[in-house]
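In: the following block contains a protein sequence and its predicted model.
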Amino acid sequence: MQIMSLFPEWILSHGAASIVVVPLLLAVITALNPSAKLAWATVLGVTALCVFTALGLLLQVMSYGPIHYNMGGWAPPLGIGYYIDGLNAPLLLLISVVAFLCTLYALPSVIAEVEPKKRGPFYAAFLISLAGLLGMVTTADAFNVFVFLEVSSISTYVLVAMGASRDRRALSSSFNYLIMGSIGATFFVIGIGFLYMQTGTLNMMDMARLLQEIGPGDRVVQLAFAFIVIGLGLKLAMFPLHMWLPGAYAYAPSFFTAFLAATATKAALYLLLRFTFTVFDPSWDYIATAVMILLAGMGIAGMVAASLQAIFQNDIRRVLAYSSVAQVGYMLLGIGMATTLGLTAGYLHMINHAIMKGALFIAVGAFWYRFGITQVSDMRGLGKTMPWTMAGFTIAGISLIGVPGTVGFVSKLILVEAAAENGWWWAIGVIVATSILAIIYVGRMIEKAYFKPVPQINDRPVLRNEAPLAMLIPLWVLALASLVFGIQTEWLTSMAEAAAQVLSAGPNTDVPGGAYVLPKVTGGH
Amino acid sequence: MTAIFEHFNFVVVIVLMMTGLFVVFATQNMIKKLVGLSVFQTSVFLLYISLSKVSGGQPPIIAKKDLHGASYPADGGYDAAPDSAYQAAEVLYSNPLPHVLILTAIVVGVATLAIGLALVVRVREVYGTIEDDEINKIDYNENLEGVAR
């Protein structure tokens, strides 16, 4: 491949490890850095490097197939293996790109929202959170997943609480998130413990191989599945377990909200996909039932309930947070169908939702940055006072509704197709109904911004005050992406199809170096 | 009844786990919630550690001599090749891996507890209470009025 020569040798041989290790190591240096500007520049450099590495990995996976990487040269299943295939390579690129754009946006936003002496550690915590998310997505070791899950979660609790200088509710929200998130992670680790009890391995591929030998009848494995689904369900805000999400999204610093909304639940959803479809066997009775009843059922419930709740919120950030829960519902519905088309729709919506929600939260942060606006009722006249920001917000908003020509439409269309293929006609009805609810909650904001007069201060209308360029660039990159990929649908859809193919292929038992035989202890060397 | 005693470790784990979860959900006091969370996490540590015990297994340290009568050459130590009797001896070790995993999980648990306690300190400073229901009441009114402080 010609294009692969663009990437240096180390990305091809050690890209899988370096994308996780580089942010983690530089976080330490950033934390000790006295200058906030320099810390920001470090983060920008690291995220740019992550984008480059992720692109290299994606192209490598697309042209040469899955990458097996042995951490420290120790072969799995004894060593920790990193594994990148069509399922997680696009997600790595997505997380890196969103992190890069959010870092651009962070320069003005963090100056406005975080106290000067806390900015260096703030950026360091962001890098740790990024490293945790990338690690969760890359690793093929079940316990390593738990460690990275907690690495990203703990730094997320800190970052959410940093919003306290702007709004004190950040503290109680962060505490709620900490309690719920820790319970979720602990449930997950209980599940891993049960799997380890039955298989004696932590490598996902080796686990899949041994689970095939154990078969579907084993009670302990069934229990493990239940714990893992509930644990990850808490992390990805599956409908009744989403109570931590609105507060955490609404009161975190706006730069971090954009990053969190676009990536955190996606990484957890990826883990759910990875475990349900490639470690366990989706053709087993109880897993097929759980996927159909639990994931699709909770998806539908979330779509309806969270969309309704979004309509009745006053705070823009809470509207968008409830909308996130509803969008997770769409993804779960697609996954719940368990057909290739349904999985494509779910995976595609995961990528598309990151693009549009990232743009929306960046725009909301810009509203606060210029005018201190957090309430829907205060959006009056924003179409005149911040025309470019509001235009970006509108594009992402109509994409969230699913208007043709935007990314939101593409994934909803595939979802409807998948539902029709499955004969789930009622699901199509729910998709259309919740899209109408989305028109109400997005339209309410757009209507205020464009059709209400500009507010008056001392009998004079508020002057135009556009957001700084560092905020407009990431906003418009994401807004244009949601238009471009809404028209040029081929690229994202083919990636989602590749991911769906990985999932429909069933359990992945491809252990590098073959099956593992317990070595007899002989002493000596 | 014998089933309970045969799986004594699981009984302890389940009791601790449920106690921890119940405390987290039942109490309104943030410190007590964190205590419950810690108990819950500790029960998982016990689960892992108890399953690493192999009955009849010895600690997973390579024994130097006196292993079922076999031994290394007297002057050789670890560098010399073991004799044939040593090689033939079946050695049963307990599984060391869960201990290592739980060492990591303990660090994670400590970090979570530290962050949680730091948050409680800040909540006490800002809200003047650490009762969750009172904070919710204050927050709820703020959400209705839309006043950010």
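Out: Alright, I've got the coordinates.

In: check which helix or strand residue 22 maps to.
Out: Looking at chain A here, since you left the chain open. Assigned by DSSP states H and E, A:V22 falls within helix A:9-32.

In: think we crossed wires, I meant chain B
Out: If you go by DSSP H and E, B:F22 is part of helix B:8-26.

In: next SSE after that helix?
Out: Once the chain leaves helix B:8-26, the next helix or strand it forms, by DSSP H and E, is helix B:30-51.

In: what confidence value was assigned to residue 54?
Out: All of this refers to chain A. Note on A:A54: pLDDT of 93.

In: wrong one, I was asking about chain B
Out: Value for B:V54, per-residue pLDDT: 77.

In: next up, the contacts around it.
Out: Contacts for B:V54 (C-beta atoms under 8 Å, 6 or more residues apart in numbering or on different chains) come out as B:92-95. Placement of C-beta: from N, CA and C, glycine included.

In: and the gap between it and chain A?
Out: 11 Å (C-beta to the nearest C-beta, to the nearest Å).

In: assign that residue to helix, strand or coil.
Out: Recorded secondary structure, B:V54: coil (DSSP: H, G, I helix; E, B strand; the rest coil).

In: excluding its backbone neighbours, what's nearest A:G506?
Out: A:D281 (6.3 Å; C-beta to C-beta, 6 or more residues apart in numbering or on different chains).

In: the one you found belongs to a helix, doesn't it?
Out: No. Secondary structure assignment (three-state DSSP) places A:D281 in coil, not in a helix.

In: ok, back up a step: which strands and helices sit next to the helix holding B:F22?
Out: Where contact means 3 or more C-beta pairs under 8 Å, 6 or more residues apart in numbering or on different chains; DSSP states H and E, helix B:8-26 is packed against helix A:169-199, helix B:30-51.

In: can you mark which positions in the next helix or strand after the longest one are buried?
Out: Per DSSP H and E, the first helix or strand lying C-terminal to helix A:169-199 is helix A:204-214. Buried residues in helix A:204-214, defined by neighbour count with 16 or more other C-beta atoms under 10 Å in any protein chain shown: A:204-211.

In: now do stretch A:212-223
Out: A:216, A:221-223.

In: which of those sits closest to A:A31?
Out: A:L223 (40.2 Å; C-beta to C-beta).

In: who's the closest spatial neighbour of that closest one, skipping the chain neighbours?
Out: A:F194 is the one closest to A:L223 (C-beta to C-beta, 6+ apart), at 5.5 Å.

In: tell me the contacts of A:R317?
Out: Listed by C-beta under 8 Å, 6+ apart, the contact set of A:R317 reads A:249-251, A:257, A:361, A:364, A:374.

In: assumed it was part of a strand.
Out: No. The assignment for A:R317, made by three-state DSSP, is helix rather than a strand.

In: host element of A:L133?
Out: helix A:119-138.

In: for that helix, packing partners?
Out: Identification of packing neighbours for helix A:119-138 by 3+ C-beta pairs under 8 Å, 6+ apart yields helix A:9-32, helix A:36-64, strand A:81-84, helix A:89-113, helix A:142-161, helix A:254-273.

In: tabulate these in TSV, adding columns for distance to A:L333 and mean neighbour count.
Out: Listed next are the helices and strands packed on helix A:119-138 as TSV, based on distance: least, C-beta to C-beta, whole Å; neighbours: other C-beta atoms under 10 Å in any protein chain shown:
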stretch	distance to A:L333	mean neighbour count
helix A:9-32	31	18
helix A:36-64	27	20
strand A:81-84	27	24
helix A:89-113	19	24
helix A:142-161	24	25
helix A:254-273	12	27
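
In: low pLDDT regions in chain B?
Out: Scanning chain B for pLDDT under 70 picks out the ranges B:63-90, B:143-149.

In: go again with 90.
Out: Residue ranges of chain B with pLDDT under 90: B:1-10, B:49-100, B:127-149.

In: outline the domain layout of it.
Out: Following the assignment in automatic domain parsing, chain B carries domains at B:2-53+B:95-145, B:56-93.

In: now render the contacts of A:R317 as a markdown table, adding pLDDT, secondary structure and distance to A:A345.
Out: Shown next, in a markdown table, are these (pLDDT from 0 to 100; DSSP: H, G, I helix; E, B strand; the rest coil; distance: C-beta to C-beta, whole Å):
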| residue | pLDDT | secondary structure | distance to A:A345 |
| --- | --- | --- | --- |
| A:Y249 | 91 | helix | 24 |
| A:A250 | 89 | helix | 28 |
| A:Y251 | 90 | helix | 32 |
| A:T257 | 92 | helix | 26 |
| A:F361 | 94 | helix | 24 |
| A:V364 | 93 | helix | 27 |
| A:T374 | 85 | coil | 33 |
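
In: okay, and which of the buried residues of stretch A:212-223 map to helices?
Out: Members of the buried residues of stretch A:212-223 lying in helices (criterion: DSSP state H): A:221-223.

In: quick check, nearest of those to A:A499?
Out: A:A499 has its nearest neighbour among these in A:V221, at 25.2 Å by C-beta to C-beta.

In: contact partners for the closest residue to that closest one other than its chain neighbours?
Out: Nearest residue to A:V221, sequence neighbours excluded (C-beta to C-beta, 6+ apart): A:Q198, at 5.6 Å. For A:Q198, the contact set (C-beta under 8 Å, 6+ apart) comprises A:210-211, A:214, A:218, A:220-221, A:224.

In: now the phi/psi pair for A:Q456, please.
Out: Main-chain torsions, A:Q456, degrees, to the nearest 10: phi -100, psi 140.

In: and A:H242, how far from A:M298?
Out: A:H242 is 10 Å from A:M298, where distance means C-beta to C-beta, to the nearest Å.

In: please identify which of the two sits among more neighbours.
Out: A:H242 (26 against 21; other C-beta atoms under 10 Å in any protein chain shown).

In: now do the contacts for the residue lying closest to that one once chain neighbours are set aside.
Out: The shortest distance from A:H242 to any non-neighbouring residue, by C-beta to C-beta, 6+ apart, is to A:V325 (4.6 Å). Counting by C-beta under 8 Å, 6+ apart, A:V325 makes contact with A:237, A:239, A:242, A:245-246, A:302, A:306.

In: alright, calling it a day.
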